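[1] Pasting the sequence and the predicted model now:
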Number of protein chains: 2
Amino acid sequence: MTKSIGVIDLGSNTARLVIYQQDEQGNLTEVDNIKRSLRLSNHLQNNRLDDDGMAITLTCLRQFKELLDARQVQQTIGVATAAVRQAENGVELLERIKAEAGITIQILTGEEEARYGYLAVMDSMNVDEGITIDIGGGSTEVTYFQNRKLKESHSFPFGIVTLTKRFLHSDIPTEAEFTQLRSFLADSFASKPWLKNKQCPVIAIGGTARNLGKIHQRSVHYSMDSLHHYPISKENVTSILEHIRILSLEERRQVPGMSKDRADVVLSGIAAFESLLSYTGSDVLLISNKGLREGVLYESVWGAEPPATGSELHAKTAAQFMNRYHIDTIHAQHVKSLSLSLFDQLGAQRLHAFGQEERELLASASLLHDAGRSINVYESSEHTFYLLSQVLMAGFTHRERLLIAMLASYKSNKLLLGQISRHADIVSKQDKNLIEKLGTLLLVSRMLDRSMTQSIHAVQLIKTNGSYLLRCMGKRTDHLEYSLLDEPLIKFSKAWKIPIAYTAVADSPKT
Amino acid sequence: MTKSIGVIDLGSNTARLVIYQQDEQGNLTEVDNIKRSLRLSNHLQNNRLDDDGMAITLTCLRQFKELLDARQVQQTIGVATAAVRQAENGVELLERIKAEAGITIQILTGEEEARYGYLAVMDSMNVDEGITIDIGGGSTEVTYFQNRKLKESHSFPFGIVTLTKRFLHSDIPTEAEFTQLRSFLADSFASKPWLKNKQCPVIAIGGTARNLGKIHQRSVHYSMDSLHHYPISKENVTSILEHIRILSLEERRQVPGMSKDRADVVLSGIAAFESLLSYTGSDVLLISNKGLREGVLYESVWGAEPPATGSELHAKTAAQFMNRYHIDTIHAQHVKSLSLSLFDQLGAQRLHAFGQEERELLASASLLHDAGRSINVYESSEHTFYLLSQVLMAGFTHRERLLIAMLASYKSNKLLLGQISRHADIVSKQDKNLIEKLGTLLLVSRMLDRSMTQSIHAVQLIKTNGSYLLRCMGKRTDHLEYSLLDEPLIKFSKAWKIPIAYTAVADSPKT
């Protein structure tokens, strides 16, 4: 039985409803996602939400409720952040929402908000030490984590809407306005000395972060359609800011990648990223597509403890993918074990000097090579490449995702070279050697379980005067696999530049 | 409950096993596909299959049986063609297969073989009149159909393997060899005067046809990964043949797109296509990816009557796609009815002069627009485009598939222009106007059922001095849909160059 879960994030800038389906194994699939730009921060007058703000929020929540009912959602988790937290009549609003829309919403403290951002990052990125910054409409949450453990956190009572309102009044902000904004931000971050000079990646969460990532990707014609884990250097953050802060609002709206309903407030957010990067002495900003609402969801489904290591996260991601795209787990695990056994034996024979990193890429590709079959058996390698390169794989960098996608879909050098040239900004011709070697290795392993019945259970690589012999141990010596093994072995032999043949060995009958 | 069906095609050149899953609605999904190049024709000595041919066939069928058992296939349909049909000991072979591999294989007559090819084409192409040619290793089946009804058929007792053996002995075939081959082919086709000067498309079925399609696609860097329904002009068939017939076998193997295990026999097959095109006075060859085994399968599942019209075939394809990619049928049908209503009203207001063809594209796109959600909700438009352009949609030309994919995934002109430039060999900048207009129309219709609850049941387009009003009839006036309608309406207004607003009208309470 699957279960539907709704998460409502009533933010200071945006209200969002996301609906997930959870299957019996605990895997989550997003099935709907609706966003409305309510700008509650703008409806805060003297720390009270005005009538108009109350009315649009109530209408929005009634509409969300309609959708929740239509989708037969069993469990809804609602959270509200800065605007409602800061409003004296915030509790009154939530009571009316409860009464009129039947939805329970909980006000998060700044600390809770910060922790959810950290949790979302731990569940979706392989970073051991870092600083998160989640800038919303009316508050900014910052955390510091080390060895994947939350060490510090703080919520600043300003966000893009309130910063803009306070500092940036001109259509093209003046130097003076900007100087004041920057000095305010610098002072604010300096009030938390645990941030100082940490020199670790800064991970940016939230709509402004995503928008900055999109603007940068458009400016460099980035080859991947993925924001999560996208890195932007400190220099590039600064140069984008310098470029767009001298534009009028109308001009800013036209910047490729700019989100239309954010163009008026985006400057203050990017300025905050820049200021934090300076103070922490960090040279890279990583964009996170996962934030508060994912943190809230993950805690509710998986508990408050994120994966303890990057490897644990990778395993979780592979499991989710295998489940989502209906991969035969037993076959996938068997191919993985054959691949790694071959990898290790080739290493022992000094036929490669690859390390743990390459071994893990091969392991992931072995588990996921059949993903494309869920789209179609015909051209399934191409579909595998599409899925692994286009659908988020939490915990992997873009480069890792592409390498895994190329390995998992490896069929021929022609296909590979096309993939490399399409993503020449992320992978390089130098990677061809790695992919071709491990790709043909995986082809052989896949063919050794072509029937998906694990008839061939192990392989031994034996060196016999200048040539290599692959001893395949199976139930019998006439399996389908052997009739089809020549072609992948020829490719393998070419890639590794070694002569190789196979021999089929039948299990000895039980005595 | 799904059911698995295996189809075995024991051909003169290749033995193939394809496994399909059939769901309760009768929809078929291919789940496995294994081919072995047995070259039985070469094992025919004095009309008897030699011992070696018997042995490799038996081993192959035992391996197929292993796979059928592993996949728990309930029903297996086996057919054998020319090589077994022509062999005096063919029945003996089938008896041994039955005894040793437990598979029942039926020998098809040439007429049956021809009819299955015709059936496969009728179930997968929207062509009213045409000639099919299925050239195998040891026989060639030709049919003529009119108004989608089979009129004539014949099986010639030659195929690529036997033609090559008889005529093309040199590494680079000599002029004399080629002249003899051509004159033999011309005489053969001339023996069936019903083929003469029909001037309708010739549809080429089988491995040689696919290989020819691939070679041509590679030579022009074709932008789509699809062979089915790929057209090659008569001139291009001739020029490919002229180009490769002066190459040695080794050089021929290197021709981009050439299938390695077919390079030795492909010439005679292409010569047969050329000869048939001449005799029928046809100027185009359409490649069919569907042939004998699909015909056998379709007849077993859907009966011997193919869809009577192109529209019926399109409807069947849409239903299969909706089922395969888990599209919410009620929502899709509702969006289709809103789209077509808007289309007709815009036409009545003389705001467009599109006809039935464009209306049908819009209808298909409306039904299929949510396909991408099966891959991921995030970036689902991009996934919709991928699926509709990369996965075969039976009954549509490549151009129609791309136009439907662009309509169904329409989000912005930026996305559209990227799609057009990627497929500039099939669609053109002139198509932008059509796609933008119908694409924004579909965006509006989709938003009108954003909640997928059919709350807004109808729309009326009203002209009010120079401006247009979209009257939306729904259960209430405060549906979620209305809060989100501005953005698609702005895009619609830009594309159609008309000012337009909407008004929400609530159903009158029952009296």
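    Done, it's in.

[2] Neighbours of A:A120, how many?
    Neighbour count of A:A120, defined by other CB atoms under 10 Å in any protein chain shown: 28. All C-beta spots, glycine's among them, are computed from the backbone N, C-alpha and C.

[3] What does it show for phi and psi?
    In this entry, A:A120 is assigned phi and psi values of phi -60, psi -40 (degrees, to the nearest 10).

[4] Quick one: residues contacting it.
    By CB atoms under 8 Å, 6 or more residues apart in numbering or on different chains, the residues touching A:A120 are A:205, A:288, A:290-292, A:294-295, A:298.

[5] Pretty sure A:I34 sits against A:L67.
    Yes. Assessed by CB atoms under 8 Å, A:I34 is found in contact with A:L67 at 6.7 Å.

[6] my guess is A:K475 contacts A:S455, does it?
    Yes. With contact defined as CB under 8 Å, A:K475 reaches A:S455; the gap is 5.1 Å.

[7] Among these two, which residue is more densely surrounded?
    Between A:K475 and A:S455, A:S455 has the larger neighbour count (other CB under 10 Å), namely 20 against 13.

[8] could you check the distance from that one over to A:V335?
    13 Å (CB to CB, to the nearest Å).

[9] Can you check which residues contact both of these two?
    Counting by CB under 8 Å, 6+ apart, the residues touching both A:S455 and A:V335 are A:D449.

[10] Just confirm A:Y222 is within a helix.
    No. Read with DSSP: H, G, I helix; E, B strand; the rest coil, A:Y222 is coil and lies in no helix.

[11] what about A:V31, how many neighbours?
    Neighbours around A:V31, by other CB under 10 Å: 16.

[12] re the thing from before, if we take the contacts of A:A120, which one ends up nearest to chain B?
    A:K290 (11.2 Å; CB to the nearest CB).

[13] Now for that closest one: which residues touch it?
    Neighbours of A:K290 in contact, by CB under 8 Å, 6+ apart: A:120-121, A:123-124, A:205, A:228, A:394.

[14] Narrow those to those in helices?
    A:120-121 (DSSP state H).

[15] Show me which pair in the contacts of A:K290 is furthest apart.
    The largest separation in the contacts of A:K290, counting by CB to CB, is between A:I205 and A:A394 at 14.3 Å.

[16] ok, those two, which is more surrounded?
    The neighbour comparison of A:I205 against A:A394 (other CB under 10 Å) goes to A:I205, with 29 against 21.

[17] With A:L17 as the reference, measure out to that one.
    Relative to A:L17, and taking CB to CB, A:I205 is found at 19 Å.

[18] Please apply the same query to A:E113.
    18 Å.

[19] would you put the C-alpha positions of stretch A:268-276 in CSV?
    The C-alpha coordinates for stretch A:268-276 follow below in CSV (Å, rounded to 0.1, in the frame of the first residue of the first chain):
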residue,chain,number,x,y,z
SER,A,268,19.6,41.3,-1.4
GLY,A,269,19.7,37.5,-1.4
ILE,A,270,22.7,37.3,-3.6
ALA,A,271,24.4,40.0,-1.5
ALA,A,272,23.8,37.8,1.5
PHE,A,273,25.5,34.8,-0.1
GLU,A,274,28.4,37.0,-1.1
SER,A,275,28.8,38.4,2.4
LEU,A,276,28.6,35.0,4.0
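
[20] quick one on the thing from earlier: for A:I34 and A:L67, list the residues in contact with both.
    With CB under 8 Å, 6+ apart as the test, A:I34 and A:L67 both reach A:17, B:480.

[21] Can you name the residues in contact with the strand or helix carrying A:V444?
    According to DSSP states H and E, A:V444 maps onto helix A:431-448. Residues from elsewhere that reach helix A:431-448, judged by CB under 8 Å, 6+ apart: A:335, A:338-339, A:342-343, A:346, A:352, A:354, A:358, A:361-362, A:365-366, A:369, A:403, A:406-408, A:410-411, A:413, A:416-417, A:420, A:456, A:459, A:470, A:472, A:481, A:484-485, A:487-489, A:491-492, A:494-496.

[22] near chain B, which of these show up?
    Contacts with chain B within these, counted by CB under 8 Å from any CB of the partner chain: A:L484.

[23] Show the buried residues in the contacts of helix A:431-448.
    A:335, A:338-339, A:342-343, A:346, A:352, A:354, A:358, A:361-362, A:365-366, A:369, A:403, A:406-408, A:410-411, A:413, A:416, A:420, A:456, A:459, A:470, A:472, A:481, A:484-485, A:488-489, A:491-492, A:495-496 (16 or more other CB atoms under 10 Å in any protein chain shown).

[24] What helices and strands are in contact with the helix or strand A:D187 falls within?
    Secondary structure assignment for A:D187, by DSSP H and E: helix A:175-190. Under the contact criterion of 3 or more CB pairs under 8 Å, 6 or more residues apart in numbering or on different chains; DSSP states H and E, helix A:175-190 touches helix A:160-167, helix A:266-280.

[25] With adjacent residues omitted, what lies nearest to the residue of the stretch 51-200 of chain A found nearest chain B?
    Nearest residue of the stretch 51-200 of chain A to chain B, counting by CB to the nearest CB: A:Q63, 3.7 Å away. Nearest non-adjacent residue to A:Q63, counting by CB to CB, 6 or more residues apart in numbering or on different chains: B:L480, 3.7 Å away.

[26] Just confirm the one you found contacts B:T453, I think it does.
    No. Applying CB under 8 Å as the test, B:L480 and B:T453 come out as separate, 9.1 Å apart.

[27] What pLDDT does the model give the residue nearest to A:I246 when sequence neighbours are not counted?
    Counting by CB to CB, 6+ apart, A:I172 is the residue found nearest to A:I246 once chain neighbours are left out, at 6.3 Å. As predicted, A:I172 sits at a pLDDT of 95.

[28] How about A:M1?
    Looking at A:M1, the pLDDT reads 67.

[29] again, but for A:T29
    pLDDT at A:T29 comes out at 89.

[30] and it, how many neighbours?
    A:T29 has 16 nearby residues by other CB under 10 Å.

[31] Please, which helix or strand holds it?
    Counting by DSSP H and E, A:T29 is part of strand A:28-37.

[32] And for A:I131?
    strand A:130-135.

[33] got the angle for that strand vs helix A:160-167?
    With axes from the mean of the first three to the mean of the last three CA atoms, to 10 degrees defining the directions, strand A:130-135 sits at 70 degrees from helix A:160-167.

[34] which secondary structure elements does whichever helix or strand comes after strand A:130-135 contact?
    The helix or strand immediately downstream of strand A:130-135 is strand A:140-146, counting by DSSP H and E. Packing partners of strand A:140-146 (3+ CB pairs under 8 Å, 6+ apart): helix A:110-122, strand A:130-135, strand A:149-156.

[35] Neighbouring strands - and their directions - for the least confident helix or strand in chain A by mean pLDDT?
    Counting by mean pLDDT, DSSP states H and E, chain A has its least confident helix or strand at strand A:44-45, which shows a mean of 88. According to DSSP bridges, strand A:44-45 forms sheet pairs with strand A:48-49 (antiparallel).

[36] What lies in contact with the partner strand?
    Contacts for strand A:48-49 (CB under 8 Å, 6+ apart): A:40, A:43, A:57, A:83-84, A:87-90, A:93.

[37] Same question for stretch A:343-355.
    A:358-359, A:362, A:434, A:437-438, A:441, A:459-461, A:463, A:468, A:496, A:498.
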